[in-house]
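S.K.: Show me the folded form of this:
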Amino acid sequence: MLEEAIATAEELRTLLRLQLDEAPESRRRLAGLDPERALEWAAEREARNGQALDLEKRILEALTRACEGLPEPTLAALRRHAPAEAARLDEGLDELRDLASRLREEDLVTREALGHSLACVRSYLSLLAPGSAAYDRRGRATGRDPLSSRSVSV
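M.R.: Prediction:
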C-alpha cells in the first residue's frame, strides 16, 4: 500500500544526501571565482532541484493513491490502516525533513561565501575602474575625501 511512497522517499533521501556530501566541494569550486565552474554548479543544482521536485510529486501521488478507500485521506488514517508501513514512511519522512534542514543550512553557508566572493570581485573591479571620489556623475561634490575610506559630510 505505501511501498511506492516509501521507495520514492528513499530516492529523495539519496538525492539530498548526495547534495549534502557535495556541498563543501561545491563551495570550493565557487570560491575559485571561475565563472564557468559557477555556472556549471548552478546548472547541476537546478537539475537536482528539479529531480527533487519530481520525487516530491511522486510521493504525494503515491500517498493520494494509498488513501483511496479510506474514510479520510490523512496520514493518521494511513497509520491506523497500515501501521507497520506507516511507521517506515514516518521514519523516512523524518529523515527527509532533517536532510532538507541540513541542506538549507549548507545553502546559507554557500550564499554567505558567494557574498564574500562577490565583494572581492566588486573591490577588484573598483580598483580597475575607480569612480570619481570628489564628484558624482552629475558633477556634484560627493563630500568624500578621495584619500579616505569614510564619507565626510560637507
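
S.K.: Distance check, the residue sitting nearest the centre point of the chain against Asp94.
M.R.: Against the mean C-alpha coordinate of the chain, by C-alpha atoms, centre = their mean, the closest residue is Asp107 at 4.6 Å. With distances taken as C-beta to C-beta, to the nearest Å, Asp107 is found 21 Å from Asp94. Where you see a C-beta, it was placed from the backbone N, CA and C, and this is true even at glycine.

S.K.: Okay, and the residue nearest to the centre of the chain sits in which element?
M.R.: Using DSSP states H and E, the element containing Asp107 is helix 83-128.

S.K.: now that helix, how far from the centre of its chain.
M.R.: Computed by C-alpha atoms, centre = their mean, to the nearest Å, the chain-centroid distance of helix 83-128 equals 5 Å.

S.K.: tell me the mean pLDDT for it?
M.R.: Helix 83-128 shows a mean pLDDT of 89.

S.K.: ok, Glu68 - contacts?
M.R.: With contacts taken as C-beta atoms under 8 Å, 6 or more residues apart in numbering, Glu68 has no neighbouring residues.

S.K.: Thanks a lot, see you next time.
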